[in-house]
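Chemist: what's the 3D shape of this:
(2 chains)
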Amino acid sequence: METNNSRTGVEQIAQQLWEQGSFQIPGGSGAVVGQAAPVSDLSGTFDSWVVPLTIQDRLVAWAQFSPQLILRRFSLFLRREGDLYRCPKVADWFDPEVVRERVIGKAGYHADLTAPLLVFDRDPSRLVWMVEARYQDGSRKRWFVAGESVWEDHPGMEEVTGGLGRR
Amino acid sequence: MDEKIKPSEVHRIAGLELNLLNYVRALPRATFEGARLETGTPIFDPNGELLFYRVPIVGPDGVQAGYADIAVHTVFGAPLLAVAPTAVWDEQALVGEAREALARQKTTRKAELSYDEIRFVSYSYPKLAVAFFHKGKEVSMLELKSWLEVPPSNLKERKPMEPGNFERWSLIDEMPQDRKRRNLERFHERLEHLNGPELRDIDFSVISTTKLASVIPILRLTDTEELHYSTRQSDHHTCYELRGQETSVWCVAASTQMLLDFYRYEYTQSRIATQLGLGTLQNPNGLPYARDNDVAVALNAMSSGALTATMLTTPPFSTYCDEIRANRPLISFIPGHSRTVAGYTESLLVFLGLNGFRGLLVYDPWPPNAGVITRWENFDTQTYRRAFTAHVTTI
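Modeler: I've put the predicted structure just below:
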């Protein structure tokens, strides 16, 4: 369950794993463990925690933990020393306001937007922010944001690897 | 790389390996906790090179608790050769018995044998003998305990490494070169772990769990393998590149691109998408489950038949290990997503019945236009649907 206690717990575990060298980031020894963010499925049910590791304003890695605080994966954006500029900005992934702005850029200013929710698309490793847009004509669209990429989701398609069946 | 470790290092390595075994309860703790290592006996190969040390272990009560064989020569592939709890190794007593046995042979010889050096020789590993030398030349070699004269090598009439029941042969000389080279690499890999900064300065001459308790969380006692330029461990790695998926639904195309890139078939994702029926950059789509096998077909077609690809359903961890050891990347399908696998790691320590960590090195094309390298993905918390292996077609 998502609680403040488990948030503190997962941050402590991530910090411990980082300090004892279980997480290795090539050229990223100066990384800082950030605040854990809850990840939900598309229905809003809590699924996991994601903990960012950052250098300055860049996201160099993240770790994902199960609700039982078991490490699921540790993933690197920083692939080698000197490549910091290639890493995404922390705000692109962890600032809901930045996410919201990106959706407005696609959906338009006239749509009514829900608060961004960090979810996963199909598999928990495919993290995305979900924003639902309600338009004046009553129609609704679901937008996904992953870093700088924004796209409209089309739910209810057949089982497909990647997403979207042939249309 | 050096083919031997320094004899001065042997005592420390022996202590460390035994401490690790004791820590994971692979040794009877009542006997070994608090035990210490005595000075080891050097054991030689018939070709004269130092092969390993037999190190007696004395329990906390002062009684011998067994012995350990610790390699000096890299031909073994690992420093710890064997541990014999409860067995007794008394070098002086054995030398005494060997001298008496040689003296008894006097009656059958015309001239008395004189010697100025005695060595323990592994005449047919792991069988031991005591050899007597005079001015550097062997005068007799008696098998341990039976005290029978060990016959010379019969290599001219047999294949290497296939000796008869009772003849001397050299493990160092007869082992094939490629196996020796692999063992050398494995040996040094293990030494590298054992000589890590967290272990270097600890005195391991006494076996005790408390010695390791402070450092065990930071030890990386794992079997780990990643793609290399070739199957030679000394070759550079990581010989693999990440490709971010160019649309939100092209994880299959990006995964296929990574695998083809590894074999130097350079295609754009758009071209691969066309082959797989994944639409265009402007109007992309994913791969329906019913068409999973199209990936295997595409790998074969886009390499003009040079790659033979196979689709596997819910493969076990060992499949990934086997492929990576053979230096071949895999495409891995999990529900709704595709990635590639370029390495694995497995904890070699098992604590209190719990499984050690098993992880995959995943080159994940997600997020779009970026991708991440996941080091590691916990194999036991992920659902694996399909895997695609590919190997170069041989004729």
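Chemist: when you work out contacts or count neighbours from here on, use the C-alpha atoms and nothing else.
Modeler: Will do.
Chemist: strands along the stretch 1-150 of chain B, start to end?
Modeler: Secondary structure of the stretch 1-150 of chain B (DSSP state E, counting those that start in this stretch): strands at B:36-37, B:41-44, B:50-58, B:64-71, B:80-85, B:117-124, B:127-134, B:137-143.
Chemist: and the residue of the stretch 51-200 of chain B closest to chain A?
Modeler: B:Glu198 (10.8 Å; C-alpha to the nearest C-alpha).
Chemist: about what we covered before: least reliable of the strands of the stretch 1-150 of chain B going by mean pLDDT?
Modeler: Note on those: strand B:80-85 shows the lowest mean pLDDT, a mean of 77.
Chemist: and the angle for it with strand B:50-58?
Modeler: 30 degrees (axes from the mean of the first three to the mean of the last three C-alpha atoms, to 10 degrees).
Chemist: what residues of strand B:80-85 count as buried?
Modeler: B:Leu80, B:Leu81, B:Val83, B:Pro85 (16 or more other C-alpha atoms under 10 Å in any protein chain shown).
Chemist: isn't B:Thr209 right up against B:Asn22?
Modeler: Yes - counting by C-alpha atoms under 8 Å, B:Asn22 is a contact partner of B:Thr209 at 7.0 Å.
Chemist: please enumerate the shared neighbours of the two.
Modeler: Counting by C-alpha atoms under 8 Å, 6 or more residues apart in numbering or on different chains, the shared contacts of B:Thr209 and B:Asn22 are B:Glu33.
Chemist: contact residues of chain A facing chain B?
Modeler: Residues of chain A lying close to chain B (C-alpha under 8 Å from any C-alpha of the partner chain) are A:20-22, A:71-77, A:79, A:122-123, A:126-127, A:146-147, A:149, A:151, A:158-167.
Chemist: quick check on those residues: which are buried?
Modeler: By 16+ other C-alpha under 10 Å, the residues of chain A next to chain B give A:22, A:71-77, A:79, A:122-123, A:126-127, A:146-147, A:149, A:159-166 as buried.
Chemist: returning to what we had before: could you pick out which of the residues of chain A next to chain B are located in strands?
Modeler: Taking DSSP state E, the ones among the residues of chain A next to chain B that sit in strands are A:Leu71, A:Arg72, A:Arg73, A:Phe74, A:Ser75, A:Leu76, A:Leu127, A:Ala146, A:Ser149, A:Trp151, A:Val160, A:Thr161.
Chemist: okay, the second one: pLDDT?
Modeler: Spelled out, it's A:Arg72. Predicted confidence (pLDDT) for A:Arg72: 92.
Chemist: ok, now A:Leu84?
Modeler: The model's pLDDT for A:Leu84 equals 94.
Chemist: how near is it to B:Ser318?
Modeler: Relative to B:Ser318, A:Leu84 is positioned 35 Å away (C-alpha to C-alpha, to the nearest Å).
Chemist: then A:Glu152?
Modeler: Taking C-alpha to C-alpha, one finds A:Glu152 at 39 Å from B:Ser318.
Chemist: of those two, give the one with the bigger neighbour count.
Modeler: A:Glu152 (17 against 10; other C-alpha atoms under 10 Å in any protein chain shown).
Chemist: excluding chain neighbours, what is closest to that one?
Modeler: Nearest non-adjacent residue to A:Glu152, counting by C-alpha to C-alpha, 6 or more residues apart in numbering or on different chains: A:Trp143, 4.5 Å away.
Chemist: the one you found is in contact with A:Val150, isn't it?
Modeler: Yes - using C-alpha under 8 Å, A:Trp143 is in contact with A:Val150, at 7.0 Å.
Chemist: between the two, what contacts are shared?
Modeler: With C-alpha under 8 Å, 6+ apart as the test, A:Trp143 and A:Val150 both reach A:Val103.
Chemist: please save the CA atoms from the helix or strand bottoming out on mean pLDDT in chain A in CSV.
Modeler: Here the helix or strand of chain A ranked lowest by mean pLDDT, DSSP states H and E is helix A:4-19, holding a mean of 87. Extracted C-alpha coordinates of helix A:4-19, given in CSV (Å, rounded to 0.1, in the frame of the first residue of the first chain):
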residue,chain,number,x,y,z
ASN,A,4,4.2,7.8,3.9
ASN,A,5,5.9,5.1,5.9
SER,A,6,6.6,3.0,2.9
ARG,A,7,7.7,6.1,1.0
THR,A,8,10.3,6.8,3.6
GLY,A,9,11.2,3.2,3.7
VAL,A,10,11.8,2.9,0.0
GLU,A,11,13.9,6.1,0.0
GLN,A,12,16.0,4.7,2.8
ILE,A,13,16.5,1.4,1.0
ALA,A,14,17.5,3.2,-2.2
GLN,A,15,19.9,5.4,-0.3
GLN,A,16,21.4,2.3,1.3
LEU,A,17,21.8,0.5,-2.0
TRP,A,18,23.4,3.5,-3.5
GLU,A,19,25.8,4.1,-0.7
